[in-house]
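Visitor: need coordinates for the following:
(chains A, B, C and D)
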Protein chains: 2
Amino acid sequence: MMSKTSTLQDVARVAGVSTATVSRALSHPNMVSESTRRRVSKAVEVSGYRVNRAARNLRTQRAHSVLVLLPDLGNPFFSAILEGISLNLSRKGYSMLIASTKQVHDSGERLVDYLDDARADGMIILDGGLVAEVIASLKSAPQSKRILFACEWIEEDEFPSVRSENRRGTKAAVRYLHDIGHRKIGHVTGPEGNVLMHARKSAFIEEIGALQLEQHPEWIIPGDFSLAAGCLAAQTWIALENRPTAVFCASDQLAMGFISELSRRNFKVPDDVSIMGFDDIDLAEQFIPPLTSMRQDRLLLGETAAAMLLERLESPEGAGSEHAAVIPVSLIIRGSTAAPR
Amino acid sequence: MMSKTSTLQDVARVAGVSTATVSRALSHPNMVSESTRRRVSKAVEVSGYRVNRAARNLRTQRAHSVLVLLPDLGNPFFSAILEGISLNLSRKGYSMLIASTKQVHDSGERLVDYLDDARADGMIILDGGLVAEVIASLKSAPQSKRILFACEWIEEDEFPSVRSENRRGTKAAVRYLHDIGHRKIGHVTGPEGNVLMHARKSAFIEEIGALQLEQHPEWIIPGDFSLAAGCLAAQTWIALENRPTAVFCASDQLAMGFISELSRRNFKVPDDVSIMGFDDIDLAEQFIPPLTSMRQDRLLLGETAAAMLLERLESPEGAGSEHAAVIPVSLIIRGSTAAPR
DNA sequence: TGGCTCCATGCAATCGATTGCAGGAATTGG
DNA sequence: CCAATTCCTGCAATCGATTGCATGGAGCCA
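Guide: This next block holds a predicted model:
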């Protein structure tokens, strides 16, 4: 079934040297003489040789690939992050494997299997919501050195991670709403138990306190990052007697669902209420009204994650290298927020 | 726990049999006796054995993985398709590699390399816009048997493919707009040269003809599937003297951009003009107004693509199996379309 | 019991690249 | 001119699982 691609042996025969020399000419060019190097590269060209990755991987005990784990492949939020990861991986000659934690879990595979069975050298996890049991199995050395969390992370700071400035971004968002005149500010949160939800919610509460604004428990509406939850949250908001004049949503999808539901109920944004999101996904700019949001640099986040993981994989003893990288966020002001009437 | 993963040898030693027997007990259970099978599986459990994929791949000459090629990783349209592909691949024990055609091209890699160097057994291409040179290099047997196009495809029907009912869907869309009373129908197309753009545009023209509706060249507005192109198309529409009362956009993103621009210019949808899209992406339902669209079953499309490719890879001579699968689309009627005033 | 098949198992080669070790040539120094 | 060093190359083992072939034993029938 496999097409007969030529092997090192073939190249060696053509070049009139041993396979060892060919191998060295390719992977350690400075170990062979100028003339053989040329002979070999000509022979490679003639025979159309491609290194067989399976053989190399077996011999070198490295897979030259990295697994990226998403909570849910269907979620568009992750696509730009993937792009960033892929960019840096392919630069270094690594391949990118993708799996969703849901599917892996359903199929009964264990995550460490990917590392143990030589399919991947390391993994980048974009899902902080892994069940405890899985986390526990990951912590056992030495595979833990080959794992990195991105976007999300887990409570105890066990694994290295790359994240956005969730707390600073949240506070900046609240401060912005305050600066344009809002004094009654609400928050729609992410899903219960999620680390991002917690970081943003607690930062929100702190900043409200720091600005000495009204604190109403019912102004903090539970959600789960989804469009649908945003709709529900809007209904909750509508039902309030004393409504906040601005709502900071923990994700753009929440904000869009919120606005969408308001519009169905004949409320106007930002005239009746200012709404802002978090993430600045592509669509935020085109939404009606265009969505004010806190931009996460997802591409950079992905690139950083890949770079950090590779550094750890390739450094002799996983030593050095920072434990956590934080990616700046930036406030993008658009039409969904305005001074209160 | 154990720093070294155990090998077949270890298991063999524990079970008191040869490595050959262990291997057979695992991959061809019916070739060994009941009792050894039990002994082996106990030994596997005790030693925590995981098959080494690199070794297996080398010996069996198969990578047990499939490469999925996207035009652009950042495009959320593909995420559900990926989910479908991944689902079927992992069921059969395959891994999913992801790369973007842009990145592959930029890095100077050749696509066939993935097949030639034993990184992937086959590939699913979601980008019909590959440059001719690349296509040509792919056609050379025998790698061509391991390639499948999904969503998009290439002009000459060289490779097997999985697609949605683009033509039927388009005609149904036009017929629907006609049925609710529209007689002046426009179309915003995809990018020039794209096979989907061509399929939808030609079907659109045919159906307009079949329904004996007005044909105005300027009612067919060139676009490129993106939000931004939708905005531009709306400007074009506004500038028309004789405007169509309904516009069928070749993608949801186009439709959303179109509506968004209209809204900025104080036109109302569907009061002033009905707009519909194609794809039914997640957001379509929450858009304001909710978007009428032609739903593509992206999950099924992905699953089908994976199933077809694996069938071809695993069948002895790539024989049999249909050459092209077509996935049904369905009309989803929402608030962005209504009878003309 | 003899001769036969059939099943389960082990031996050893194999996949293709990498690399420790050793040896030969070339170079340098004394 | 000999010894010491450096540089380049080849030999052969190795990574770990799979599988064709051979073998020994059990089971069957006459």
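Visitor: same for the helix or strand of chain A with the lowest mean pLDDT, what does it pack against?
Guide: Ranked by mean pLDDT, DSSP states H and E, the helix or strand of chain A with the weakest confidence is helix A:132-139, at a mean of 75. Judged by 3 or more CB pairs under 8 Å, 6 or more residues apart in numbering or on different chains; DSSP states H and E, helix A:132-139 is in contact with helix A:111-116. For every residue, glycine as well, the C-beta is placed using N, CA and C.
Visitor: could you list the residues in contact with the helix it packs on?
Guide: Helix A:111-116 has contacts (CB atoms under 8 Å, 6 or more residues apart in numbering or on different chains) with A:67, A:69, A:97, A:99, A:104, A:119-123, A:130, A:134, A:137-138, A:140, A:143, A:146, B:5, B:50.
Visitor: show me which of these are buried.
Guide: Among those, those buried by neighbour count (16 or more other CB atoms under 10 Å in any protein chain shown) are A:67, A:69, A:97, A:99, A:104, A:119-123, A:130, A:134, A:138, A:143, A:146, B:5, B:50.
Visitor: show me which of those residues neighbour DNA strand D.
Guide: Near DNA strand D, judged by CB under 7 Å from any atom of the strand, the entries from the buried ones among the contacts of helix A:111-116 are residue B:50.
Visitor: can you pull the contacts of whatever residue of the stretch 101-250 of chain A ends up closest to DNA strand D?
Guide: The minimum distance from the stretch 101-250 of chain A to DNA strand D, using CB to the nearest atom of the strand, falls at residue A:118 (7.6 Å). Neighbouring residues of residue A:118 by CB under 8 Å, 6+ apart: A:57-58, A:61, A:63, B:52-55.
Visitor: now, among the residues you listed, which is nearest to residue A:205?
Guide: Nearest to residue A:205, judged by CB to CB, of those is residue A:63 at 44.3 Å.
Visitor: count the neighbours of that closest one for me.
Guide: Using other CB atoms under 10 Å in any protein chain shown, residue A:63 is surrounded by 24 other residues.
Visitor: quick check: it is in a strand.
Guide: No: Residue A:63 sits outside any strand when classified using DSSP: H, G, I helix; E, B strand; the rest coil, being coil.
Visitor: now do the phi/psi pair for it.
Guide: When read as degrees, to the nearest 10, the backbone of residue A:63 gives phi -90, psi -20.
Visitor: next, count neighbours for the residue of the stretch 151-300 of chain A at minimum distance from DNA strand C.
Guide: Proximity of the stretch 151-300 of chain A to DNA strand C (CB to the nearest atom of the strand) peaks at residue A:160, 26.3 Å away. The tally of other residues near residue A:160 (other CB under 10 Å) stands at 23.
Visitor: tell me the contacts of residue A:287?
Guide: With contact set as CB under 8 Å, 6+ apart, residue A:287 has these partners: A:256, A:259, A:336, B:260.
Visitor: how much space between it and residue A:278?
Guide: Distance, residue A:287 to residue A:278, using CB to CB, to the nearest Å: 14 Å.
Visitor: equivalent analysis for residue A:186, please.
Guide: Separation of residue A:186 from residue A:278 (CB to CB): 14 Å.
Visitor: residue A:119 touches residue A:62, doesn't it?
Guide: No: taking contacts as CB atoms under 8 Å, residue A:119 lies outside contact range of residue A:62: 11.2 Å.
Visitor: thinking again about what came up before, so the residue of the stretch 151-300 of chain A closest to DNA strand C makes contact with residue A:305?
Guide: No: assessed by CB under 8 Å, residue A:160 is found out of contact with residue A:305, at 9.4 Å.
Visitor: mutual contacts of these two, please.
Guide: Here residue A:160 and residue A:305 have residue A:148 as joint contacts, going by CB under 8 Å, 6+ apart.
Visitor: in the stretch 151-300 of chain A, which spans are strands?
Guide: Listed in chain order, the strands of the stretch 151-300 of chain A (DSSP state E, counting those that start in this stretch) span A:161-164, A:185-188, A:220-221, A:246-249, A:274-279, A:292-296.
Visitor: now the residue of the stretch 101-250 of chain A closest to DNA strand D. Nearest residue, chain neighbours left out?
Guide: Counting by CB to CB, 6 or more residues apart in numbering or on different chains, residue A:118 lies nearest to residue B:54, which is 4.6 Å off, once chain neighbours are set aside.
Visitor: then residue A:84?
Guide: Of all residues beyond its chain neighbours, the one nearest residue A:84 is residue A:302 (2.3 Å), with distances taken as CB to CB, 6+ apart.
Visitor: same check, this time on residue A:310
Guide: Spatial nearest neighbour of residue A:310, excluding adjacent residues (CB to CB, 6+ apart): residue A:92 at 5.6 Å.
Visitor: also residue A:65?
Guide: residue A:95 (4.0 Å).
Visitor: the one you found contacts residue B:119, correct?
Guide: Yes: between residue A:95 and residue B:119 there is a contact under CB under 8 Å: 6.2 Å.
Visitor: quick check: neighbours shared by these two?
Guide: Overlap of the contact sets of residue A:95 and residue B:119 (by CB under 8 Å, 6+ apart) consists of residue B:97.
Visitor: thank you, goodbye.
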